[in-house]
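Peer 1: sequence first, then the predicted structure:
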Amino acid sequence: MSVEKILWQEDATGLAALVNKGDISPVELVDAAISRAAKTAHDINAIAEKLFDQARGRAAAVDRRLPLAGVPFAIKDLGIAMKGVPIHSGSKVPVSVADFDSVLTDRYLAAGLVPIATSTTPEHGLRLVTESAAFGITRNPWNTGHVTGGSSGGAAALVAAGVVPVAHASDGGGSIRVPAACNGLVGLKTSRGRIPMSPLASEGWYGFVVNHAVTRSVRDSALLLDLTYGPDNLAPYAARPPHGSFAAAAARDPGKLKLAVYRKSPLGLDISAETLKALDAAVALARDGGHSVEEIDLPFIGRGFMMDFVTCVASAVAGALRSESERVGRPVGGEIERATRVVGRFGELVSGGAVYAALERLSATSRQLMTHTAAYDAVLMPVLAHPPLKCGAMDPTGADDFLENMLDKLHLTPLLKVKALLGQLMDKSLWFTHWPAIQNVSGQPSIALPVHITADGLPLGIQAAGRHGDEETLLSLAAQMEKLSGWRERRAPLQVPA
């Protein structure tokens with residue numbers, strides 16, 4: 001069997017085992033990943049920066065005894081530093097180049113992973129599809145006419161296409177779980193404070209943003225978490241430590257769990273029949289595993305909650321654009337995309353008091369959510385309201401395009417203080433995916449699982465949200481569902497190796 005076929009077929013844990021045994025070399029694996037990256041580049045357009053020469057050097061020198069020795073990897077082009085590697089953040093604004101590695105990068109390298117590229121992201125991670133003026137459209141390996149999700153869409157495309165078996169990702173409003181759900185992958189959004197963001201940042205979006213990965217298997221997600229979690233001296237807080245290893249949790253039977261299922265849209269928007277089929281598939285798998293599943297409602301998670309989330313994100317974007325202007329020494333408004341500019345301007349209009357009040361309301365609702373669901377080991381709910389969309393489907397058209405253009409050109413952003421108008425724009429931004437921001441606000445872990453394939457052959461995952469700090473239960477449940485379903489063996493049909 002060719003090395004490319006092995007790379008395409010195995011998960012990271014399996015590849016590392018082959019390296020550890022001496023059956024395959026890190027250089028062979030990395031060369032195969034680089035070759036596959038070239039073969040699929042036109043189809044998926046998922047790479048921001050090629051790190052091929054550095055990767056070959058690392059592969060030649062890596063200690064084969066390391067837990068993920070020689071495994072090809074990708075790092076997202078946003079929110080993480082790798083010494084000497086340009087960070088575009090999905091934007092046309094001049095790049096920044098760090099002279100240090102993030103703590104998380106150090107942990108990846110210490111595990112033996114070999115980054116071969118940085119992966120594409122929408123500008124500043126704002127869209128839940130990976131389409132940008134800077135890099136164009138990143139496409140879904142299951143059907144390249146469809147989106148790969150966002151904002152970790154490049155990471156998910158590279159994993160689903162068999163270029164790398166696991167890739168770094170981050171999640172501030174669903175940006176790990178949405179691409180995982182679109183691409184038939186496992187995507188764990190970790191508990192707040194589980195993985196440090198230092199020294200590049202202390203936190204992102206008021207603590208909404210977390211880092212982890214998109215993976216082919218549950219065991220890969222668990223092992224990588226074992227190798228990267230934990231406090232750092234510069235991190236302001238940390239999630240409570242697990243009872244044991246995450247890998248051990250993924251390997252054990254979860255026992256009989258008490259689960260809930262939440263079916264409603266917090267925005268009150270349409271949910272596709274395919275999404276409900278996916279949720280039913282997850283419920284059926286859970287019941288096959290011996291778990292009880294109870295239907296629940298979360299009436300306090302509604303449009304007001306989502307409006308507060310959007311308001312806080314807008315203020316964070318305004319701050320980020322200020323920082324970018326200070327970094328490059330001039331205003332960057334002319335170099336960013338229209339939608340980013342509008343969001344940033346709205347964020348500038350929101351007072352500090354209004355943002356603080358919104359955060360207080362979000363915190364109060366989060367406490368209510370955790371109290372309401374405390375009796376359940378996990379809550380199943382959708383990630384996507386619709387199957388993966390056709391590329392370009394999230395672009396504003398007609399009246400929406402006219403409105404956004406007028407808000408931008410005529411500097412009419414103050415109109416967004418009218419709740420009805422802001423709500424209209426919120427719905428246009430989030431109609432594809434209504435749920436993931438809930439856990440970004442509450443800080444709870446949530447794992448996207450590839451439970452369903454639509455009639456058109458597209459993946460459509462759902463998520464299981466757990467108690468704060470309890471990734472172990474989620475990983476144990478997810479691994480059992482993975483075994484029952486056989487989804488780990490599924491691969492996208494793009495450029496299948498002979």
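Peer 2: The structure has been received and is ready for your questions.
Peer 1: show me the strands in the stretch 101-250 of the chain, by range?
Peer 2: Ranges of strands in the stretch 101-250 of the chain, per DSSP state E, counting those that start in this stretch, are 114-119, 131-132, 136-137, 139-140, 143-147, 166-171, 186-189, 210-215.
Peer 1: same list (those strands) but as JSON lines, adding distance to residue 424 and mean neighbour count.
Peer 2: Bear in mind the C-beta positions are built from the backbone N, C-alpha and C, glycine included. Output for the strands of the stretch 101-250 of the chain, formatted as JSON lines (distance: least, CB to CB, whole Å; neighbours: other CB atoms under 10 Å):
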{"stretch": "strand 114-119", "distance to residue 424": "32", "mean neighbour count": "28"}
{"stretch": "strand 131-132", "distance to residue 424": "21", "mean neighbour count": "26"}
{"stretch": "strand 136-137", "distance to residue 424": "25", "mean neighbour count": "14"}
{"stretch": "strand 139-140", "distance to residue 424": "28", "mean neighbour count": "28"}
{"stretch": "strand 143-147", "distance to residue 424": "22", "mean neighbour count": "20"}
{"stretch": "strand 166-171", "distance to residue 424": "26", "mean neighbour count": "30"}
{"stretch": "strand 186-189", "distance to residue 424": "28", "mean neighbour count": "33"}
{"stretch": "strand 210-215", "distance to residue 424": "29", "mean neighbour count": "28"}
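Peer 1: how about those strands, which one is nearest residue 450?
Peer 2: Closest approach to residue 450 among the strands of the stretch 101-250 of the chain (CB to CB): strand 186-189, 6.9 Å.
Peer 1: mind putting the strands of the stretch 101-250 of the chain into JSON lines with mean pLDDT and distance to residue 412?
Peer 2: Output for these, formatted as JSON lines (pLDDT from 0 to 100; distance: least, CB to CB, whole Å):
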{"stretch": "strand 114-119", "mean pLDDT": "98", "distance to residue 412": "35"}
{"stretch": "strand 131-132", "mean pLDDT": "98", "distance to residue 412": "24"}
{"stretch": "strand 136-137", "mean pLDDT": "98", "distance to residue 412": "29"}
{"stretch": "strand 139-140", "mean pLDDT": "98", "distance to residue 412": "34"}
{"stretch": "strand 143-147", "mean pLDDT": "98", "distance to residue 412": "29"}
{"stretch": "strand 166-171", "mean pLDDT": "98", "distance to residue 412": "32"}
{"stretch": "strand 186-189", "mean pLDDT": "98", "distance to residue 412": "35"}
{"stretch": "strand 210-215", "mean pLDDT": "98", "distance to residue 412": "34"}
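Peer 1: and of the ones you listed, who's closest to residue 249?
Peer 2: strand 186-189 (11.8 Å).
Peer 1: on contacts alone, who are the packing partners of that closest one?
Peer 2: strand 166-171, helix 177-183, strand 210-215, helix 218-228, strand 446-449, helix 471-485 (3 or more CB pairs under 8 Å, 6 or more residues apart in numbering; DSSP states H and E).
Peer 1: could you identify which of those is most buried?
Peer 2: Counting by mean count of other CB atoms under 10 Å, helix 177-183 has the highest mean neighbour count of those, with a mean of 34.
Peer 1: thinking again about what came up before, okay if I get the strands of the stretch 101-250 of the chain as a markdown table plus distance to residue 180?
Peer 2: Below are those laid out as a markdown table (distance: least, CB to CB, whole Å):
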| stretch | distance to residue 180 |
| --- | --- |
| strand 114-119 | 14 |
| strand 131-132 | 18 |
| strand 136-137 | 19 |
| strand 139-140 | 12 |
| strand 143-147 | 13 |
| strand 166-171 | 8 |
| strand 186-189 | 3 |
| strand 210-215 | 5 |
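Peer 1: turn the helices and strands packed on strand 186-189 into JSON lines, columns for distance to residue 140.
Peer 2: Formatted as JSON lines, the helices and strands packed on strand 186-189 follow (distance: least, CB to CB, whole Å):
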{"stretch": "strand 166-171", "distance to residue 140": "15"}
{"stretch": "helix 177-183", "distance to residue 140": "6"}
{"stretch": "strand 210-215", "distance to residue 140": "13"}
{"stretch": "helix 218-228", "distance to residue 140": "20"}
{"stretch": "strand 446-449", "distance to residue 140": "15"}
{"stretch": "helix 471-485", "distance to residue 140": "20"}
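Peer 1: which among the ones you listed is found nearest to residue 155?
Peer 2: Per CB to CB, nearest to residue 155 of the helices and strands packed on strand 186-189: strand 166-171, 3.8 Å.
Peer 1: centre of the chain versus that closest one, how much separation?
Peer 2: Distance, stretch centre to chain centre, for strand 166-171: 6 Å (CA atoms, centre = their mean, to the nearest Å).
Peer 1: about what we covered before: looking at the helices and strands packed on strand 186-189, which is closest to residue 393?
Peer 2: Judging the helices and strands packed on strand 186-189 by CB to CB, what sits closest to residue 393 is helix 177-183, at 12.3 Å.
Peer 1: off-centre distance for that closest one?
Peer 2: 8 Å.
Peer 1: report all helices and strands that it contacts.
Peer 2: helix 153-160, strand 186-189, strand 210-215, strand 446-449, strand 462-466.
Peer 1: circling back: what's the closest of the strands of the stretch 101-250 of the chain to residue 482?
Peer 2: Between residue 482 and these, the tightest spacing by CB to CB is seen for strand 186-189, at 7.7 Å.
Peer 1: what does that closest one contact?
Peer 2: 152, 156, 169, 171, 174, 176-177, 179-181, 210, 212-218, 220-221, 225, 436, 439-440, 445-450, 461, 471, 474-475, 478, 482 (CB atoms under 8 Å, 6 or more residues apart in numbering).
Peer 1: ok, it: who's next to it in the sheet?
Peer 2: Sheet pairing of strand 186-189 (DSSP bridges) gives strand 210-215 (antiparallel), strand 446-449 (antiparallel).
Peer 1: please parse the protein into its domains.
Peer 2: Following automatic domain parsing, one finds the domains of the chain at 3-298+433-489, 303-372+395-430.
Peer 1: adding distance to residue 495, write these out as CSV.
Peer 2: CSV is the format used below for those (distance: least, CB to CB, whole Å):
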stretch, distance to residue 495
domain 3-298+433-489, 5
domain 303-372+395-430, 27
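Peer 1: ok, which of the ones you listed comes nearest residue 383?
Peer 2: Smallest distance to residue 383 across these (CB to CB): 4.0 Å, for domain 3-298+433-489.
Peer 1: and the one helix or strand residue 284 maps to, what does it pack onto?
Peer 2: Per DSSP states H and E, residue 284 falls inside helix 273-288. For helix 273-288, the elements it packs on are strand 258-261, strand 292-295, strand 378-382, strand 462-466, helix 471-485, judged by 3+ CB pairs under 8 Å, 6+ apart.
Peer 1: pLDDT value on the spatially most central residue of the chain, please?
Peer 2: Closest to where the C-alpha atoms of the chain average out (CA atoms, centre = their mean) is residue 176, at 1.3 Å. Residue 176 is assigned a predicted lDDT (pLDDT) of 98.
Peer 1: pLDDT weak spots in the stretch 101-250 of the chain?
Peer 2: Of all residues in the stretch 101-250 of the chain, none has pLDDT under 70.
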